[in-house]
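S.K.: Quick one, structure for this:
(2 chains)
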Amino acid sequence: MKKVFTRPKSLKPTPFHYCPGCGHSIIHRLVAELIDEMDMSGKIICIPPAGCAVLAYNYFDIDTCESAHGRGCAIATGFKRALPDRIVFTYQGDGDMAAIGTAETIHAANRGEVITSIFVNNAVYGMTGGQMAPTTMLGQKTSTSPYGRRSKIEGYPLKITDLIAQLEGAAYVVRTSVATPAKVMATKKALKRAFEIQIEGLGYTLVEVLSPCPTNWKMSPKEAFIYLEEIMEKEYPLGVFKDITKKKES
Amino acid sequence: MDNAEKVLMKGTDAIAEAAVQAGCLCYFGYPITPQNEIPEYMSRRMEEVGGVFLQGESEIASINMVLGAVASGARAMTSSSSPGISLKQEGLSFLAAMELPAVIVNINRGGPGLGNIAPSQGDYYQATRGGGHGDYRMPVYAPGTVQELYDLTMKSFDVADMYRSPVMILGDGMMGQIMEPIVMHKREEIELPPKDYILDGASGRPSRIVKSLVLDVRAMEEHNWKLKRKYDLMKRDLPLFEEYMIDDAKLIVVAYGTAARIAKGAVNRVRDNGLKVGLFRPITVWPFPDEALANLAKQAKLFLVFEMSTGQMIDDVRLATHDKVDCEFYGRPGGVVPAPQEISRIIERHWLQREL
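M.R.: Sure thing, here's the model as predicted:
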């Protein structure tokens, strides 16, 4: 019988610890599939964040170096500068990428570091128990914004992907979602393009993936996926913000 | 050595060139006075040797770039001065936890806060007590001459690889800025443990993890004890010190770095007046040369600790000697660099008061 579905080689046979309905498991799988399909195993290094995905090193069967909260892009810079022919990617959450690590993120992008950042945005701090994130939406209740995020007190959702698209060092900046199977496939396509552009050495690549956190959103997985598509994608429109390869073609 | 050609070199340049000679191929740092000559030197020199120089967006970013580079197997360093070293403490804790080798230079300036840019020894506690969070230590060298800056920086890279640990060079604004003739030599090859932890893409081998998260408390405890065993080996093997005019000394001045240079001048002055005074100079401030100092407690009637701070190393002197001998303190914090004459007057006062 023809095998039509199997665990990617780059994923260890370890059950994910992620909550039911969490997007990390999907995104991990996409990354692992691409590592196999693009033959990147043996030359790729992952920098997991502090956050739920810190345990990515238990799942990806590739070299991984844990990062202090927010420092992923700086560590990735160290790796890539020392080993320019390797493929280096950070896997970061919203707090990591857009709050505590804003400086590291923006400056790595601005230097055009030839790395890829996979930025999983679920609008809350997941691992610490659902506190407000820089990407928490106005009105969204979290454990530290119990009355809903108010712009006068907590400011506005930070769209770091939009900011990074303005930087000359950024080569490919895209926002995707895992809300539906079609969007999952689009996410995989975006991740593939990001790795391709890194391999071509064209600059910094960023794939923001909108992802549900049913546990901290206090929803069922089904409700969370509906919220993701109907609410979160409105605040964070999907699309390619920058692709320097397209500019060259046109 | 006497016949070897000497070159006049500034302290900061000696540190940078020693690192290059030690095979350091990655430098990451952020400007701060009084150590800017190190990144400036490296920005020129790394280009020449085919290495990496990158000015980070902060000290935090710079030490994390170092972390990435050393985890990839390269020799890497960063340098800064007191306020910047505070920012690097997170990275130091992670380097210690992940058992990664790196060299960190602190050209200590006046503090706390922004303080000033003058020489100070106010960072002793931070340097020797770990500095960052968690239960760790790291070797800290406190050179007293430009030659030592060169020699000990070079040695630091080997010590870092030998023990898989961050290593600090603790200078001060004066050590960084003075110029002295030194002999530049090549690094002696020594046997070092294989780098079986590096991440360079798991080609032809199982994948590896470099991490510090250990959620299981018993496993974390075991990791803490493993680190402790390593620190015990450092305590046994690394202490370095200099004894000056110590044989018949009844009063022993204890000082390190720039303070020890001043103290040496003071010892010479009081020796001219017949006072039996010597100098004990710790070269490693962690591990502190406890044993050597404890031995001196048998002959000394008084220890006089001189620091360019309000008194930090004095704790280690008292711990090492178990307070068996009286210990007095004289300090000039805030960036003041006193002349040897001032210290000789303090020595003479104690000598006369105690009728030594």
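S.K.: The lengthiest helix in chain A and chain B in contact?
M.R.: Longest helix in chain A by number of residues, with DSSP state H as the criterion: helix A:181-200. No - Helix A:181-200 lies apart from chain B when judged by CB under 8 Å from any CB of the partner chain; the minimum separation is 12.9 Å. Every C-beta, even on glycine, is put in place using the N, C-alpha and C of the backbone.
S.K.: After that helix, heading C-terminal, what element do we hit next?
M.R.: Sequence order places strand A:204-210 as the next helix or strand after helix A:181-200, per DSSP states H and E.
S.K.: hey, C-alpha coordinates of that following strand in CSV?
M.R.: Output of strand A:204-210 as CSV, limited to C-alpha atoms (Å, rounded to 0.1, in the frame of the first residue of the first chain):
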residue,chain,number,x,y,z
TYR,A,204,16.2,39.0,6.6
THR,A,205,13.1,36.9,6.2
LEU,A,206,10.1,37.0,8.5
VAL,A,207,7.0,34.8,8.5
GLU,A,208,4.4,35.9,11.1
VAL,A,209,1.9,33.2,11.7
LEU,A,210,-1.4,34.0,13.4
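S.K.: before we move on, the earlier item: mean confidence (pLDDT) on the longest helix of chain A, please.
M.R.: Average pLDDT, helix A:181-200: 98.
S.K.: repeat for stretch B:168-184
M.R.: The pLDDT scores in stretch B:168-184 average 97.
S.K.: That one: which residues count as buried?
M.R.: Across stretch B:168-184, burial judged by 16 or more other CB atoms under 10 Å in any protein chain shown covers B:168-178, B:180, B:182, B:184.
S.K.: interface residues of chain B facing chain A?
M.R.: B:25-26, B:28, B:52, B:54, B:56-58, B:60-62, B:64-74, B:76, B:90-91, B:94, B:98, B:199-204, B:207-213.
S.K.: Now intersect those residues with the helices, please.
M.R.: B:60-62, B:64-71, B:90-91, B:94, B:98.
S.K.: Among the residues of chain B next to chain A, name the buried ones.
M.R.: B:25-26, B:28, B:52, B:54, B:56-58, B:60-62, B:64-72, B:74, B:76, B:90-91, B:94, B:98, B:199-202, B:207-212.
S.K.: List the contacts of residue 192.
M.R.: Chain wasn't specified; assuming chain A. Neighbouring residues of residue A:192 by CB atoms under 8 Å, 6 or more residues apart in numbering or on different chains: A:34, A:37-38.
S.K.: wait, I meant chain B there
M.R.: Contacts of residue B:192 were listed using CB under 8 Å, 6+ apart, and they are B:158, B:161-162.
S.K.: gap between it and chain A?
M.R.: In this view, residue B:192 and chain A are 18 Å apart by CB to the nearest CB, to the nearest Å.
S.K.: For the longest helix of chain A, which residues meet the burial criterion?
M.R.: The neighbour-count check on helix A:181-200 (16+ other CB under 10 Å) flags A:183-184, A:186-188, A:190-198 as buried.
S.K.: quick check: angle from it to strand A:204-210?
M.R.: Angle, helix A:181-200 to strand A:204-210, by axes from the mean of the first three to the mean of the last three CA atoms, to 10 degrees: 170 degrees.
S.K.: Turn the contacts of residue B:192 into JSON lines, columns for distance to residue A:150 and secondary structure.
M.R.: Formatted as JSON lines, the contacts of residue B:192 follow (distance: CB to CB, whole Å; DSSP: H, G, I helix; E, B strand; the rest coil):
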{"residue": "B:158", "distance to residue A:150": "56", "secondary structure": "helix"}
{"residue": "B:161", "distance to residue A:150": "53", "secondary structure": "helix"}
{"residue": "B:162", "distance to residue A:150": "55", "secondary structure": "helix"}
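S.K.: Which of these sits closest to chain A?
M.R.: Chain A lies nearest to residue B:161 out of these, by CB to the nearest CB, at 15.3 Å.
S.K.: okay but the closest one is in contact with residue B:101, surely?
M.R.: Yes - here residue B:161 reaches residue B:101: they are 4.8 Å apart, a contact under CB atoms under 8 Å.
S.K.: out of those two, which sits in the busier spot?
M.R.: Taking other CB atoms under 10 Å in any protein chain shown, residue B:161 and residue B:101 do not tie; residue B:101 has more neighbours (25 against 20).
S.K.: quick one: low-confidence ranges for the chain?
M.R.: Answering for chain A, as no chain was given. Chain A contains residues with pLDDT under 70 at A:247-250.
S.K.: please go with chain B instead
M.R.: B:1-3.
S.K.: Who's the closest spatial neighbour of the residue in it that chain A sits nearest to, skipping the chain neighbours?
M.R.: Chain A sits closest to residue B:68 of chain B, with a gap of 2.4 Å, by CB to the nearest CB. Distance criterion CB to CB, 6 or more residues apart in numbering or on different chains; nearest residue to residue B:68, sequence neighbours excluded, is residue A:78 at 2.4 Å.
S.K.: could you list every residue that touches the one you found?
M.R.: Under the criterion of CB under 8 Å, 6+ apart, the neighbours of residue A:78 are B:26, B:28, B:64-72, B:76.
S.K.: What is the neighbour count of the closest residue to residue A:217 other than its chain neighbours?
M.R.: In space, residue A:217 comes closest to residue A:224 once its chain neighbours are excluded; the distance is 5.4 Å by CB to CB, 6+ apart. As a burial measure, residue A:224 scores 26 neighbours (other CB under 10 Å).
S.K.: name the element residue A:224 belongs to?
M.R.: helix A:221-227.
S.K.: List the buried residues for that helix?
M.R.: In terms of neighbour count (16+ other CB under 10 Å), helix A:221-227 has its buried residues at A:224-225, A:227.
S.K.: which among those gets closest to chain B?
M.R.: The closest of the buried residues of helix A:221-227 to chain B turns out to be residue A:224 (CB to the nearest CB; 25.8 Å).
S.K.: Would you quantify the distance from that closest one to residue B:252?
M.R.: Separation of residue A:224 from residue B:252 (CB to CB, to the nearest Å): 70 Å.
S.K.: near chain B, which residues of chain A?
M.R.: Near chain B, when you scan chain A using CB under 8 Å from any CB, you find A:41-45, A:47, A:54-55, A:57, A:60-68, A:71, A:74-83, A:86-87, A:103-104, A:107.
S.K.: Strands - which of the residues you listed land there?
M.R.: Among these, DSSP state E puts A:44-45, A:47, A:63-65, A:87 in strands.
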